[in-house]
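Asks: Output the structure for:
(3 chains)
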Amino acid sequence: MSIITLITDFGVDDEYVGVMKGVILSVNPAAIIVDITHHIEPQDLIQAAYIIKYSFKYFPEGTVHVVVVNPGVGSERAIIALEMTGHIFLTPDNGVLTFLMDEANIGSIVRVENSRYFLESVSRTFHGRDIFAPVAAHLSKGIGIKALGVPIDRIDLERLSVKHAGISSSGELVGTVVSVDRFGNLITNIDAKSLDKFCKACKEERLEFRIGKKKIIGLSKTYENVLPQSPLAIIGSRGYLEIAVNCGNARRYFTADRGDTVGVVSNNL
Amino acid sequence: MSIITLITDFGVDDEYVGVMKGVILSVNPAAIIVDITHHIEPQDLIQAAYIIKYSFKYFPEGTVHVVVVNPGVGSERAIIALEMTGHIFLTPDNGVLTFLMDEANIGSIVRVENSRYFLESVSRTFHGRDIFAPVAAHLSKGIGIKALGVPIDRIDLERLSVKHAGISSSGELVGTVVSVDRFGNLITNIDAKSLDKFCKACKEERLEFRIGKKKIIGLSKTYENVLPQSPLAIIGSRGYLEIAVNCGNARRYFTADRGDTVGVVSNNL
Amino acid sequence: MSIITLITDFGVDDEYVGVMKGVILSVNPAAIIVDITHHIEPQDLIQAAYIIKYSFKYFPEGTVHVVVVNPGVGSERAIIALEMTGHIFLTPDNGVLTFLMDEANIGSIVRVENSRYFLESVSRTFHGRDIFAPVAAHLSKGIGIKALGVPIDRIDLERLSVKHAGISSSGELVGTVVSVDRFGNLITNIDAKSLDKFCKACKEERLEFRIGKKKIIGLSKTYENVLPQSPLAIIGSRGYLEIAVNCGNARRYFTADRGDTVGVVSNNL
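Replies: Numbering: from 1, shown residues only, chains lettered A, B, ... in the order given. As a prediction, this is how the structure comes out:
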């Protein structure tokens, strides 16, 4: 098994991603390279952090996940390789793995320093090509992460603050829209369990969801629970509460965006 | 041979497509996955129906073609697997294969129900990941479609109405723009044969093509038959009449779009 | 090794690229296909010429590089296959390899004419599918380029004029912005060596870069040399002078674009 996944903010108009693949295949011609996305907004670490969290577990164990998104300021961070639940992550030490830390305990971590696994000449501006690509290729060939550098025992988890959903003083379950997908679905940080717990004694069809000044009554099981162009609240495919519009676009419907608040009221309270 | 093609409206900004590939490779690490397009407009079944029609035959026999586009209303359709001319199609039973039916007789069809080939936990909102991806992977490993569920003998062919070109009472050959490509080429439903038949005794250079109030005289063999920025009519690579602009964009030139009428007059009549 | 890279202006909304891959895999199921980019602006030969120049050398020897971008007028060019430093290039004879010619001496060249390696039926409008794809696949299987047609000894190098940087009468090093990437970085045709030579006795931190009416003082080693949203001059990953904005977009900052002039003044003169 030699799968390498890529998450970058490089886009696909330029040759950057193709060149990374050329470097990978030069080292390991048997590598299977999967693009998760190259359309992270430039320097948008939070979006990248959610994408890796949502996606890694659908790949087989042994997969090498490469995330190259640099938020600019302070981007001269170390590069780390981290093993967790059988997956290997290769990223800058910039907090992009923060949201993964809920998932499982971290295994070993190393600071990637062994230039033996880098391209011969390393530029100052394209570590994706010169370091991440060849190192990922070597990892996919089976070298252990320990060959890459010195073990370290902590990574940067302070840069990105995880926003947890919580109960307000008025008894409302308050969450945040943490990402918005292509369909305009508003993905919150309220997971299925928290909603379940909040609603313990309540009827799902009586839950009330508040986005700005608009309301949705009831948790839907499917998009088709409501009429076309009507809004709904649903546990989405990632296991979190999403606000959607059947055959429509919730971002536009609610003129909402990342960072906005979603409140849930249980009318049984 | 274990090729799987993908047509979806998922875009490539989110992790959806990458996650489907992770699931496929978890089941069949030897699968070769080819993206045909993920840029179907959300819920645009017609566009997807043309894309699969135009593309499938260029893949080797044994290829598994997956189309995941749901038009929303009534999207809680059965999932079907269909064999035709050595290719396997895995799609919702929503009419997306309608335009293929001209091509050949349908072979066997089954309703996909055997959850043994699904992900262990199937969400309500992402069947692409939970059903289509693992089932396609199993198909690419060689299980027959019969293992997937019960045989059925008809699929939904009523949802999409095939617009056929025809002769109007005034003797004009009347067709429709059925899709528009990235270059702005207007692809009609008038195929080479129909045009040939219509023009039997005529000279191609005297054919007259009408789009809105504008006219093109003569059928071109190549784009370069006309000057740059000039319009032309040509049998395109899909075997259908296309209206194009040499080094330009016919959609903008004619302010035309899908659904618009294209008329052909043979001046020999 | 059987890698085929693709550079086209086909975009990824339509089925064009997918269909090319189907044709390739029909001929050589073991081919590894890498998209460098399909987002060349329609008919933008210059952009394609830079992309192939910047990328090919990161692939292993034996790679087949396919470039299908036609500038329209005069696009009825011969198709050529060219061997150079162990790589094979398959392109229209339209000058798209012009910028490569600095890199190394050309090896053998043939005009591709042997229809035995084409699709059975060749359309007038989609040579990417009917000629480039199957020929590339055969090349990736190891047929030599000589099997493809007659040797020729020159290719079109006149169509694209290489703009070389040079010293103006006032002693300024004058270059041109030759491409702009997704991040808005302005890539010039002033390579590291030329700048070095120009600056022989000077201090890099005193070099002055002029873009329109704006100036940048000093050559940076990294983006982080300057504050966020501040402009900088840097030798980019391709080995050429780039004008960038840390965490920002130089194209917008300078309202500059391809074709604009960048001047360098050494204050030691």
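Asks: Domain boundaries for chain A, per the record?
Replies: A:3-151, A:166-266 (automatic domain parsing).
Asks: Tell me if the longest one is near chain B.
Replies: Yes. Among the residues of domain A:3-151, A:3, A:5, A:32, A:34-39, A:51, A:54-55, A:58-60, A:63 lie within reach of chain B under C-beta under 8 Å from any C-beta of the partner chain. Using the backbone N, CA and C atoms, a C-beta is placed for each residue, glycine as well.
Asks: the strands in the stretch 51-200 of chain A, which residues?
Replies: Ranges of strands in the stretch 51-200 of chain A, per DSSP state E, counting those that start in this stretch, are A:64-68, A:79-84, A:87-92, A:109-112, A:149-151, A:166-167, A:173-180, A:186-191.
Asks: which neighbours does the third one have in its sheet, and in what orientation?
Replies: Sheet neighbours of strand A:87-92, with direction, are listed as strand A:64-68 (parallel), strand A:79-84 (antiparallel) (DSSP bridges).
Asks: Need the phi and psi values for the residue lying closest to A:T98 once chain neighbours are set aside.
Replies: Among residues not flanking A:T98 along the chain, A:L160 sits closest, at 4.3 Å (C-beta to C-beta, 6 or more residues apart in numbering or on different chains). Phi and psi for A:L160, reported as degrees, to the nearest 10, are phi -100, psi 130.
Asks: Surely A:L160 and A:A48 touch.
Replies: No. If you go by C-beta atoms under 8 Å, A:L160 and A:A48 don't touch, sitting 9.9 Å apart.
Asks: Now for these two: what residues contact both?
Replies: Residues touching both A:L160 and A:A48 (C-beta atoms under 8 Å, 6 or more residues apart in numbering or on different chains): A:V96.
Asks: So which bits of chain A are right by chain C?
Replies: Residues of chain A that fall close to chain C, judged by C-beta under 8 Å from any C-beta: A:10-16, A:18-19, A:21-23, A:25-26, A:29, A:42-43, A:71-76, A:123-126, A:129-130.
Asks: again, only using 6 Å
Replies: A:11, A:13-15, A:18-19, A:21-23, A:25-26, A:29, A:42, A:72-73, A:76, A:123-126 (C-beta under 6 Å from any C-beta of the partner chain).
Asks: In ChimeraX, select just the buried ones from those residues.
Replies: The buried residues among the residues of chain A next to chain C can be selected in ChimeraX (16 or more other C-beta atoms under 10 Å in any protein chain shown) with this line:
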select /A:11,13,14,15,18,19,21,22,23,25,26,42,72,123,124,125,126
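Asks: Just the mean pLDDT for stretch A:246-259, thanks.
Replies: Taken as a whole, stretch A:246-259 carries a mean pLDDT of 94.
Asks: what distance separates that stretch from the centre of its chain?
Replies: Per C-alpha atoms, centre = their mean, to the nearest Å, the displacement of stretch A:246-259 from the mean C-alpha position of its chain is 20 Å.
Asks: Just the ones in helices from the residues of chain A next to chain C, please.
Replies: A:18-19, A:21-23, A:25-26 (DSSP state H).
Asks: Please tabulate the residues you listed in a markdown table and include pLDDT as additional columns.
Replies: What follows is those, written out as a markdown table (pLDDT from 0 to 100):
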| residue | pLDDT |
| --- | --- |
| A:G18 | 98 |
| A:V19 | 98 |
| A:K21 | 98 |
| A:G22 | 98 |
| A:V23 | 98 |
| A:L25 | 98 |
| A:S26 | 98 |
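Asks: and the stretch 151-269 of chain A, which residues reach chain B?
Replies: So the stretch 151-269 of chain A meets chain B at A:181-183, A:221-222, A:224, A:228, A:236-237, A:246-247 (C-beta under 6 Å from any C-beta).
Asks: from these, which is closest to chain C?
Replies: Ranked by distance to chain C (C-beta to the nearest C-beta), these are led by A:R182 at 13.7 Å.
Asks: who's in contact with the closest one?
Replies: Contacts for A:R182 (C-beta atoms under 6 Å, 6 or more residues apart in numbering or on different chains) come out as B:11, B:13-14.
Asks: Go through these and say which is closest to chain C.
Replies: Nearest member of the contacts of A:R182 to chain C, counting by C-beta to the nearest C-beta, is B:G11, at 10.4 Å.
Asks: distance of the closest one from B:T37?
Replies: 10 Å (C-beta to C-beta, to the nearest Å).
Asks: And A:K203, by the same measure?
Replies: A:K203 is 42 Å from B:T37, by C-beta to C-beta.
Asks: same deal with A:A250?
Replies: Going from A:A250 to B:T37 by C-beta to C-beta gives 24 Å.
Asks: These two: which is more packed in?
Replies: A:A250 (26 against 23; other C-beta atoms under 10 Å in any protein chain shown).
Asks: thought that one was touching A:A244?
Replies: Yes. A:A250 is within contact range of A:A244, at 5.1 Å (criterion: C-beta atoms under 6 Å).
Asks: Return every residue with contacts to both of these two.
Replies: Common neighbours of A:A250 and A:A244 (C-beta under 6 Å, 6+ apart) are A:N185.
Asks: Provide a list of residues in contact with the residue of the stretch 101-250 of chain A found nearest chain C.
Replies: Across the stretch 101-250 of chain A, no residue is closer to chain C than A:F126, which sits at 3.3 Å (C-beta to the nearest C-beta). Contacts here follow C-beta under 6 Å, 6+ apart; on that basis A:F126 touches C:S237.
Asks: What are the phi and psi values at it?
Replies: Backbone torsions of A:F126, given as degrees, to the nearest 10, read phi -140, psi 70.
Asks: which intervals of the stretch 1-150 of chain A have sub-threshold pLDDT?
Replies: Applying pLDDT under 70 to the stretch 1-150 of chain A flags the ranges A:1, A:72-76, A:102-104.
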